[in-house]
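Enquirer: fold the stuff below for me.
(4 chains)
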There are 4 protein chains.
Amino acid sequence: MAGNSFGTLFKLTTFGESHGKAIGGVIDGCPPGIALDFEAIKSEMQRRKPGQSSIVTQRKEEDAVQFLSGIFEGITTGTPIGFIIPNTNQKSNDYTHIKDSYRPSHADYVYEKKYGIRDYRGGGRSSARETASRVVAGAIAKQVFSTIKINAFVSSVGEIFIDKPYQDLDFSLTETNDVRCPDVATAKKMEDHIKEIKKQGDTVGGTITCVIQNVPVGLGEPVFDKLHAELGKAMLSINAVHGFEYGSGFCGARMKGSDHNDLFNPNGTTKTNLSGGIQGGISNGMDIYFRVAFKPVATLLQKQEMLTNKGEIIEQQGKGRHDPCVVPRAVPIVEAMAALVMTDFYLLNKMYL
Amino acid sequence: MAGNSFGTLFKLTTFGESHGKAIGGVIDGCPPGIALDFEAIKSEMQRRKPGQSSIVTQRKEEDAVQFLSGIFEGITTGTPIGFIIPNTNQKSNDYTHIKDSYRPSHADYVYEKKYGIRDYRGGGRSSARETASRVVAGAIAKQVFSTIKINAFVSSVGEIFIDKPYQDLDFSLTETNDVRCPDVATAKKMEDHIKEIKKQGDTVGGTITCVIQNVPVGLGEPVFDKLHAELGKAMLSINAVHGFEYGSGFCGARMKGSDHNDLFNPNGTTKTNLSGGIQGGISNGMDIYFRVAFKPVATLLQKQEMLTNKGEIIEQQGKGRHDPCVVPRAVPIVEAMAALVMTDFYLLNKMYL
Amino acid sequence: MAGNSFGTLFKLTTFGESHGKAIGGVIDGCPPGIALDFEAIKSEMQRRKPGQSSIVTQRKEEDAVQFLSGIFEGITTGTPIGFIIPNTNQKSNDYTHIKDSYRPSHADYVYEKKYGIRDYRGGGRSSARETASRVVAGAIAKQVFSTIKINAFVSSVGEIFIDKPYQDLDFSLTETNDVRCPDVATAKKMEDHIKEIKKQGDTVGGTITCVIQNVPVGLGEPVFDKLHAELGKAMLSINAVHGFEYGSGFCGARMKGSDHNDLFNPNGTTKTNLSGGIQGGISNGMDIYFRVAFKPVATLLQKQEMLTNKGEIIEQQGKGRHDPCVVPRAVPIVEAMAALVMTDFYLLNKMYL
Amino acid sequence: MAGNSFGTLFKLTTFGESHGKAIGGVIDGCPPGIALDFEAIKSEMQRRKPGQSSIVTQRKEEDAVQFLSGIFEGITTGTPIGFIIPNTNQKSNDYTHIKDSYRPSHADYVYEKKYGIRDYRGGGRSSARETASRVVAGAIAKQVFSTIKINAFVSSVGEIFIDKPYQDLDFSLTETNDVRCPDVATAKKMEDHIKEIKKQGDTVGGTITCVIQNVPVGLGEPVFDKLHAELGKAMLSINAVHGFEYGSGFCGARMKGSDHNDLFNPNGTTKTNLSGGIQGGISNGMDIYFRVAFKPVATLLQKQEMLTNKGEIIEQQGKGRHDPCVVPRAVPIVEAMAALVMTDFYLLNKMYL
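Expert: Just a heads-up that it's a prediction; the model follows:
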């Protein structure tokens, strides 16, 4: 109940601080009989890990996951899958400068006030390192509900946007560039912009769009556990996320009903899809798509004011190895959380069958 | 688990279809010893109820709540508060035209596919009538956690926006006009626009902004149950909501870190508040504010195409009494859901005390 | 979380005090498409209701259940089933004598200490009247998982026991006598004993045995949510229950492994069934059977010492209309709770199919 | 939801098979600021571990727990405590003889039927090795709610019983003998009996009694989550447990109300305590005591019939290193589960303060 579990039937519990011995998690409710593709899991981990390209943090972390249970001779057994990811490259002394002070727009201050104690090294539990465990679980979830296709990509960095609908994009190009933007020309601009920002010791925000295809009709529970409400919670639980919209989103709030309604085709599909594949909280078989807003990373490689635990404002030079823009590495995290939500609803829906 | 409960310690379970005998709910976990202000509950119900002004639906529903348990001589006892709201003005025959057909952008089709059966009268369970139960629970939650102040208001209707920061608004003006917009000049424009839209038999979307003040530091649980993630889920669970953003929201995704970071004052408050009162999922004592996007109501008083259960596309004239714009009546619903989230986290946080 | 819900996928939430306006509940997660047999529900209610025979309390309560939602034209729709049972025959003034004092072995004292307030009329929330809501939900659960057969019966009253294994009993005789004991000769002795006890203004305890047949292999989850652990919790949650044992139970603790092990037949059934149909928390297809111990009812029609809220010990004559022995009326409650547990695991198990 | 988590606010999730790389768990909801006594944790692990005396299994397992998170400089931080216990002494080849066959009264058969696959080595997930993780969590729970005292002890082995009330026992003697029976003369008889049984290659059942003292009034939630219902579920979730009774238990079912009621003293304590410290599911401040029945271990070192996955009955000689009687090693497990329940209710009760 302290908030470190996600999901109902397919349930992930995570633990671990960025500079402890290891992070990890337990997946409870993974169906038995799945011959896991470990290469696919590793590949997702590679997409998230630091140091993978010149526009992300240069920290080197191996992020090698060790499975401890729930898998026998490569096949899931239905028992909980415990796993750990050792923290190998910690450089804790990078963080002694924040032992007694709180960085702006970080969780340092609120953790100290809430718990009366905090592991200050690298953000501790509030570090985005925790999301590595989500990527492991998401990679397995994708194999459980393998008929759907989940494609996330960077749709904006700062003021630079893809100006096409997702239907005009070729998702196979997403991994061809370091930004993870399938519109190659826009990707180049984004990459240049991130490099420029990095030179300034600054950071920049961005958005990720995610498209889920081949979804059967009927997933999601009405009222409080609407499919898009769970997707929204899942995305908002990712570090640095400040907004979520699906289908027509905030644009829809400007529209008239006569323009917004999705008229039916005789086979139950719709001519337009401003509903984003969800009606009344339940999937209608059309593409589900949503957009997630990430604020700029708060850790700057500039001088910046901090608050000490004695109530003084001091100025300190940021150090460490940080991402100038978080969205390229957040793409697999968005996909992982989407996979967790979809797989959970897929299993829940079996009670109706 | 079928999604009709919300909250952990302060938990609401709702039931009821728009044209059944009654809707209602159970509040489990309300602390004992609270002398309930029943007038305050009634007043919240009045704000939500149909027929309250010329710009909302002209359905007349009394929405009189009957409390059945959990209250003894006006005081909460700590046992579950069961309540019902009888459905008095049902006019079920308004809906026989949709018995065998599915309205566009409604939940008719997906309910039929998911469950194999649906109560077609007035949207059944997918009707926004269900939110009356949420308003009851929210009104009680406000009395449990009475030190915080929750103010929601209409911030846009169609293309008409309030162009001021919330700090420049006087929330005491929200209830002075039918739109529930505290900027009176803008309210007038919104009202005119809604009347125009109504004349056309059309509908229009809008946004609601909500500000929560006097929040103590430390509410919210890190990782999956971040305060803003639960607020987001709560809002996205309201009918017609397509988007949620808090603090800098989608704008924050365009910004640089050096502009976005909220620098501290010596007392732990911050000079700016782009974080929206939440750091790492935990309240930092500053105002919490967020914005919710509502799509236009799907029921039009125009001719519109529908799909029959035989796979035919037919054209039908919309009838009934519907809202041309949902946001004025959704203001108390947004506040109620915010109150549920905040009160739940307030109670959860007591384990740390 | 305040403990008024039971179940995971098939989930009952109850509310209501014995002398409030009504008690009731919400069943969330009932599968759609079930044409409910309302006579069967009524019949279960009749078995539990007061005043049905000379050996139970002479209170007259109609216990007429009103369904408010989740059922359309007699068929479940998959949406939550809300229901109420009005309290019609309250005689609250029967209870003014306990307003300021605590009866021995009742919940009066602990409610007052825990909540600082209590609805003293008739035990309020702690009254066994709450179990009427469980019987409604159990009667529906039986219709959801209709292939299994659940038979509970009174196996002892005071020192009078059935001295046969359940296999030698004819369950169709259970309802032929007021005690609900299928061994008719023993039933007569029990009935005489209860009448004698009643004359003394005293009460007596007893046990109920429950047999669940036609259970498929594979229900139950290992580790914490073992099938017998949930059955045990379900039974221990019934008022006055002090013990639970399944299969060989406490007798098994005296045995040797070589006598206790259930050897297999080639078809996977077992030659003996000391395991009580459950291995490692999972049903093995054999009969599930368990025994539940009920303490004697604490309300006596004798003079008895009570504690006042001023710390005085007073002597008071018990009044009201109470059961001299609770087990005859508890038989349908035991069956109802068993049905809730079995149906929940049946639905949960579908995720493996 | 697949049943590998226990608790609401203080929540343990476990994972791991007896012959995988490691078992372990995550404790979510441990309050911050507790300076952990690691020696106390180690000491509890020693009490449970195999090979500690001549009357338990001679398997040697180190059971060294490694904490991975949630603790900073020896103090809990409020974030989840992840831990692992490597499996060091596995001897998997001990188990190849059961790869294709099912032992009687084990979980082999039901796991195979439920999941379609099983890790057959040493019982896999159904092995009591899983309880080592519970002991870790229980040892921490005891430090969270450190004012109560939990004492479990062996009260019977086969037909040998302690014939005194627990009030006449000196709990400090429990650890002075290998059986963990505080009545030293009876302990000697039990020990001799276990040795005799062991010689025969047989096993024997027993009971454990647990006494919880210094409990504040008011813990436990009424209706479904009664304190004794959760204690019952906790105990019944331990391997081999077939029964649970608290207070007067099954004996209470034979008694009359006039003998059973616990009359008050003026200070709110009671003169007798047949209620076992719990009224209406809520602690009343008196000692809580209960008794747990363990069946005899199913693994015998004798020839025994087994079922093969081809439907043949074969006879096989049992091998491996197994406990002739499980109760001496189960004492710390009973205490651990009791500690988890009590600590969870202690934290839950804070919402009323």
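Enquirer: what sits up against the one helix or strand in chain A whose mean pLDDT sits lowest?
Expert: Scoring the helices and strands of chain A by mean pLDDT, DSSP states H and E places strand A:313-317 at the bottom, with a mean of 91. The contact list for strand A:313-317 (CB atoms under 8 Å, 6 or more residues apart in numbering or on different chains) reads A:97, A:101, A:301-308, B:263-266. Using the backbone N, CA and C atoms, a C-beta is placed for each residue, glycine as well.
Enquirer: each with direction, which strands does it pair with?
Expert: strand A:303-308 (antiparallel) (DSSP bridges).
Enquirer: what's the end-to-end length of stretch A:63-73?
Expert: 23 Å (CA to CA, to the nearest Å).
Enquirer: give me the secondary structure label for residue A:328.
Expert: helix (DSSP: H, G, I helix; E, B strand; the rest coil).
Enquirer: ok, residue A:346 next?
Expert: On the three-state scheme (three-state DSSP), residue A:346 is labelled helix.
Enquirer: for the stretch 101-250 of chain A, what lies in contact range of chain D?
Expert: Contact residues (CB under 8 Å from any CB of the partner chain) of the stretch 101-250 of chain A with chain D: A:114, A:115, A:116, A:117, A:118, A:119, A:124, A:125.
Enquirer: list just the nearest of these to chain C.
Expert: Nearest to chain C among these is residue A:114, at 20.2 Å by CB to the nearest CB.
Enquirer: residues in contact with that closest one?
Expert: Applying CB under 8 Å, 6+ apart, one finds that residue A:114 lies in contact with B:217, B:218, B:282, B:349, B:352, D:78.
Enquirer: filter these down to the buried ones.
Expert: By neighbour count, with 16 or more other CB atoms under 10 Å in any protein chain shown, those hold B:217, B:218, B:282, B:349, B:352, D:78 as buried.
Enquirer: ok, and which of the residues you listed reach chain A?
Expert: B:217, B:218, B:282, B:349, B:352, D:78.
Enquirer: what about the nearest residue to residue A:116 once chain neighbours are set aside, how many neighbours?
Expert: The shortest distance from residue A:116 to any residue other than its chain neighbours is 5.4 Å, reached at residue D:33 (CB to CB, 6 or more residues apart in numbering or on different chains). When neighbours are defined as other CB atoms under 10 Å in any protein chain shown, residue D:33 has 12 of them.
Enquirer: residue D:336 versus residue D:33, what's the distance?
Expert: Going from residue D:33 to residue D:336 by CB to CB, to the nearest Å gives 22 Å.
Enquirer: what do you get for residue A:101?
Expert: 40 Å.
Enquirer: does residue A:344 touch residue A:12 like I think?
Expert: No - look at residue A:344 against residue A:12 with CB atoms under 8 Å: they stay out of range, at 9.5 Å.
Enquirer: apart from its chain neighbours, what residue comes closest to the residue in chain A sticking out farthest from the centre?
Expert: Going by CA atoms, centre = their mean, the residue of chain A most distant from its centre is residue A:266, 36.7 Å out. Once flanking residues are discounted, residue A:266 sits nearest to residue B:311: 4.8 Å by CB to CB, 6+ apart.
Enquirer: do you know how far residue A:131 is from residue B:209?
Expert: Taken as CB to CB, the span from residue A:131 to residue B:209 is 30 Å.
Enquirer: same question, residue A:321
Expert: 38 Å.
Enquirer: between those two, which one's more packed in?
Expert: Between residue A:321 and residue B:209, counted using other CB under 10 Å, the more crowded position is residue B:209 (21 against 16).
Enquirer: what sits against that one?
Expert: Shown in contact with residue B:209 (CB under 8 Å, 6+ apart): B:152, B:153, B:155, B:162, B:166, B:289, B:290, B:291, B:292.
Enquirer: on the three-state scheme, it is what?
Expert: Secondary structure of residue B:209, per three-state DSSP, is strand.
Enquirer: for it, give the beta-bridge partners.
Expert: With DSSP bridges as the criterion, residue B:209 is bridged to residue B:153, residue B:291.
Enquirer: residue of the stretch 151-300 of chain A nearest chain D, please.
Expert: In the stretch 151-300 of chain A, the residue that lies nearest chain D is residue A:225 (13.6 Å; CB to the nearest CB).
Enquirer: okay, now that residue: neighbour count?
Expert: Residue neighbour count, defined by other CB under 10 Å, stands at 23 for residue A:225.
Enquirer: now it, nearest residue through space, not along the chain?
Expert: residue B:3 (3.2 Å).
Enquirer: that neighbour and residue A:227 touch, don't they?
Expert: No - judged on CB under 8 Å, residue B:3 makes no contact with residue A:227 at a distance of 9.8 Å.
Enquirer: settle it for me: which of those two has more neighbours?
Expert: residue A:227 (31 against 24).
Enquirer: circling back: filter the buried ones among the contacts of residue A:114 down to the ones in strands?
Expert: Of the buried ones among the contacts of residue A:114, the ones assigned to strands by DSSP state E are residue B:282.
Enquirer: where's the residue lying closest to residue A:248 once chain neighbours are set aside, which helix or strand?
Expert: Sequence neighbours aside, residue A:274 is the residue nearest to residue A:248 in space, at 4.1 Å (criterion: CB to CB, 6+ apart). For residue A:274, there is no host helix or strand (DSSP states H and E).
Enquirer: count the neighbours of residue A:274 for me.
Expert: 19.
Enquirer: same thing with residue A:269?
Expert: Neighbours of residue A:269 under the rule other CB under 10 Å: 14.
Enquirer: from residue B:313, how far off is it?
Expert: 12 Å.
Enquirer: for residue A:264, name its beta-bridge partners.
Expert: Bridge pairing for residue A:264 - DSSP bridges - gives residue A:270.
Enquirer: list the contacts of residue A:352.
Expert: Shown in contact with residue A:352 (CB under 8 Å, 6+ apart): A:218, B:114, B:115, C:31, C:32, C:78.
Enquirer: nearest to residue C:247, of those residues?
Expert: residue C:31 (30.1 Å; CB to CB).
Enquirer: so which bits of the stretch 201-350 of chain A are right by chain C?
Expert: A:222, A:347, A:348, A:350.
Enquirer: would you mind giving the residues you listed as a markdown table with pLDDT added?
Expert: Output for those, formatted as a markdown table (pLDDT from 0 to 100):
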| residue | pLDDT |
| --- | --- |
| A:222 | 88 |
| A:347 | 96 |
| A:348 | 95 |
| A:350 | 92 |
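Enquirer: are any of the residues you listed buried, and which?
Expert: For these, a neighbour count by 16+ other CB under 10 Å gives the buried set as A:222, A:347, A:348, A:350.
Enquirer: surely the first one is in contact with residue A:283?
Expert: Just to be clear, that refers to residue A:222. No - using CB under 8 Å, residue A:222 makes no contact with residue A:283, being 11.9 Å away.
Enquirer: what about the closest residue to residue A:17 other than its chain neighbours, neighbour count?
Expert: Nearest non-adjacent residue to residue A:17, counting by CB to CB, 6+ apart: residue A:124, 4.4 Å away. Residues lying near residue A:124 (other CB under 10 Å) number 26.
Enquirer: surely residue A:4 touches residue B:281?
Expert: No - the pair residue A:4 / residue B:281 is not scored as a contact, 11.4 Å apart, by CB under 8 Å.
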